[in-house]
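> quick one: sequence and predicted model below, then my questions.
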Amino acid sequence: MITSEEATAIATLSGAALSIAIFLYKVFKSSKIFLKDQEEIRSAIETIRSEVTHNGGKSLKDTVGQLKKTCDRIEVRQKVLDQRSKAALHYTNQPLFETDKTGKLIWSNESFREIIKDYSSSIEGHDWVALVDEGKREGFLTEFKSCLKMSRKVDVETNCVNGTTIHFVGYPYKTSSTSHEGFLIHFYKEK
């Protein structure tokens with residue numbers, strides 16, 4: 001017969017063995033999941049490495065390199081087109097100026113500068129608005145700001161500081177149906 005001390009020792013050893021077995025099972029199960037995750041990570045890294053490594057012109061690295069060259073060519077062509085447009089507009093006898101999306105004057109042609117030289121000493125930034133008679137300026141600015149906000153055509157007739165009737169007609173450089181990057185505005189005096 002087993003004594004109570006022996007029974008206690010057997011129960012303790014059995015409990016310890018069971019605890020060790022459960023612990024080892026959990027460690028093994030966790031290790032198996034960890035190793036599976038490691039294998040998936042290693043596989044993903046290999047896939048990325050094979051795409052970035054040169055393999056005859058079809059890798060991601062080659063595609064990105066080609067895309068950069070294309071973007072550089074587009075940028076150069078865009079600069080040429082911008083300069084060509086400005087040169088063509090500069091020599092026209094129509095008084096024109098360009099604003100950014102906030103209404104700040106960023107460019108004007110010679111015809112515009114010639115017309116306004118008697119009315120304003122400075123036409124930079126938002127100073128061009130000083131051409132509008134002070135009594136009409138608030139209404140003009142309300143309409144112009146609405147055109148800026150709504151990305152719509154400017155077509156405003158108002159009075160100049162010298163009392164003559166002046167007209168602003170301009171179109172936004174639309175980038176979407178609701179946004180723009182500025183306006184090209186034709187300015188003329190009524191005859």
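Good, I have the coordinates.
> quick one: name whatever helix or strand follows the worst-scoring helix or strand of the chain on mean pLDDT.
Lowest by mean pLDDT, DSSP states H and E among the helices and strands of the chain is helix 4-52, with a mean of 72. The C-terminal neighbour of helix 4-52 among helices and strands, as given by DSSP states H and E, is helix 60-90.
> which residues touch the helix or strand just after that next one?
Proceeding N to C from helix 60-90, the next assigned helix or strand is strand 96-99, under DSSP H and E. Residues from elsewhere that reach strand 96-99 (C-beta atoms under 8 Å, 6 or more residues apart in numbering): 89, 105-109, 111-112, 123, 128, 170, 182-187. (Each C-beta comes from the backbone N, C-alpha and C, glycine too.)
> what lies in contact with the following helix or strand past strand 96-99?
Tracing the chain C-terminally past strand 96-99 and defining elements by DSSP H and E, one meets strand 105-108 next. Contacts to strand 105-108, defined as C-beta under 8 Å, 6+ apart, come from residues 86, 96-100, 123-128, 182.
> burial count for residue 129?
Neighbourhood size, residue 129 [other C-beta atoms under 10 Å]: 15.
> should've said residue 130
By other C-beta under 10 Å, neighbour count at residue 130 equals 16.
> can you classify it as helix, strand or coil?
When classified by DSSP: H, G, I helix; E, B strand; the rest coil, residue 130 comes out as helix.
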